[in-house]
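Visitor: got a predicted structure here, sequence first:
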Amino acid sequence: GRGQAEPGAFSASSQGGTDMNQEQALSLLKETKLVAILRGIPVKQATDIATALYDGGVRVLEFTFDHDDPDCVAHNCQRIRAVKKIFGDEMVVGCGTALTVQEVEASVEAGGQIVISPNVDVSVIAKTKALGAISMPGALTPTEIVMAYNAGADIVKLFPAGTLGVPYIKAVRGPLGYIP
């Protein structure tokens, strides 16, 4: 079809076999300001959904860990590997709802370039950075935001922010606007 990605069209081998480095991935994330969050996606549908998102302009994608699934780490790694095999450096792929160092290690080993968490866990941030991935923990209070940033987070996600609204976001951004 018109403008659709062809499987294999963006493989790392067609890009000279080089991996997008952390700085390039972070730059793409900051430029697009959009992360598609995929939760509860069957492993076998991951590449089709990623292709549709890519065709729609999405370049950063997160597969969340479903902690109700006893095999969530293995399943998430399968999704990440499958999408990275097709898109290589054309799409930044990683994990979300990362709560443990073990999840970080498995995700990055599978090709994940970004680790998104709903909370501030200094050990998760440190491991993410040590493995060369982008760290994006969630924080709600100014204390948590600064703690995440000081621990090495590349971007701090205000989470959950929806119920607090724009006035809260503006109030927090005032003194902490230097934190991405």
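Guide: Received it, and whenever you're ready, just let me know what you need.

Visitor: CA only for contacts and neighbour counts going forward, please
Guide: Will do.

Visitor: please give the element, helix or strand, for the nearest residue to Val101 once chain neighbours are set aside.
Guide: Nearest residue to Val101, sequence neighbours excluded (Cα to Cα, 6 or more residues apart in numbering): Val124, at 5.1 Å. In this structure, Val124 sits in helix 122-130 according to DSSP states H and E.

Visitor: quick one: average confidence on that helix?
Guide: Averaged over helix 122-130, pLDDT sits at 98.

Visitor: use 725 as the first number for this chain going forward.
Guide: OK, 725 is where the count begins now, so the last one is helix 846-854.

Visitor: after it comes which helix or strand?
Guide: The C-terminal neighbour of helix 846-854 among helices and strands, as given by DSSP H and E, is strand 858-860.

Visitor: chain center to the helix or strand just after that following strand: distance?
Guide: Next helix or strand after strand 858-860 toward the C-terminus (DSSP H and E): strand 862-863. From the chain centre to the centre of strand 862-863 is a distance of 14 Å (Cα atoms, centre = their mean, to the nearest Å).

Visitor: count the residues that sit near Tyr902.
Guide: Using other Cα atoms under 10 Å, Tyr902 has 7 neighbouring residues.

Visitor: in the host helix or strand of Ile804, what's buried?
Guide: Here Ile804 is covered by helix 796-811, with elements defined by DSSP H and E. For helix 796-811, a neighbour-count test (16 or more other Cα atoms under 10 Å) marks 797, 799-811 as buried.

Visitor: ok so, going back, and the helix holding Val848, how far from the chain's centre?
Guide: Taking Cα atoms, centre = their mean, one finds helix 846-854 lying 14 Å from the centre of the chain it belongs to.

Visitor: now swap in stretch 748-766 and tell me
Guide: Computed by Cα atoms, centre = their mean, the chain-centroid distance of stretch 748-766 equals 6 Å.

Visitor: ok, now stretch 814-826?
Guide: The answer for stretch 814-826 is 5 Å, by Cα atoms, centre = their mean.

Visitor: sorry, back to before: by contact count, what packs against the helix holding Ile804?
Guide: Contact here means 3 or more Cα pairs under 8 Å, 6 or more residues apart in numbering; DSSP states H and E; on that basis helix 796-811 packs against helix 770-779, strand 784-788, strand 816-820, helix 825-833.
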